[in-house]
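Student: what shape does this take:
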Amino acid sequence: YAPLIGIALVLAVCIEKAPEHMRRFVFLGLLGFFGFFGFLSHRQSLLWRNTDTLFYSVLQTAPESAVAKNNLAFRFMKYGRWDEAAALLRDAVEQNPQFADALVNLAVIEGKHDDFDAAERYLRQALDADPRHAQAHFNLGGVYFKRGDNEAAAREYRIVLELKPGYEPASRQLQEVERQ
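Tutor: I've put the predicted structure just below:
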């Protein structure tokens, strides 16, 4: 592993520069020092072995972290664990009612359950918190599209394209809405 070359050079120089009778102690001291930090690095890597483990760990050390709750909820959404995701997101929004990302994710869950009124409320709340939240506009366009309000959907998709020029999903949806 290339970055260890520097450490190996430091070890070699320290041992070489040490007086003959101290070399064994210098070597053992350096070995212990690097062994200790190697152990700590390995222990930390266990927390980082995958995204889920990382966010679980963050929530154990900082249970009030709305960001960690949102991120873990997003992972749960990918696995179809909607109820667990919704509970985490509600906690995150309770802690920070202006947390637009969590509100957008709650809207996605409501949309998956065909509750477009609730989805719209969450999206409007997210846009009140952050009027330039492109994903909130995009999802609100989807709510309008599902309801058959193509004019409102097109307006939201155009806003997304102003905020994120070239955003392909919004371009595709806008084309779909304009074809109908």
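
Student: tell me, what residue is most central in the protein?
Tutor: Computing the C-alpha centroid of the chain and ranking residues by C-alpha atoms, centre = their mean puts N71 first, at 4.5 Å.

Student: from L54, how far out is that residue?
Tutor: N71 sits 9 Å away from L54, going by C-beta to C-beta, to the nearest Å. Yep, even glycine has a C-beta here, placed from its N, CA and C like the rest.

Student: before we move on, back to that, what is whatever helix or strand the residue nearest to the centre of the chain lives in packed up against?
Tutor: Taking DSSP states H and E as the definition, N71 sits inside helix 66-79. Contact partners of helix 66-79 among helices and strands, from 3 or more C-beta pairs under 8 Å, 6 or more residues apart in numbering; DSSP states H and E: helix 51-61, helix 82-95, helix 100-112.

Student: comparing those, which comes out most buried?
Tutor: Most buried of the helices and strands packed on helix 66-79 by mean neighbour count (mean count of other C-beta atoms under 10 Å) is helix 100-112; its value is a mean of 24.

Student: show the subsequent helix or strand relative to it.
Tutor: helix 116-129.
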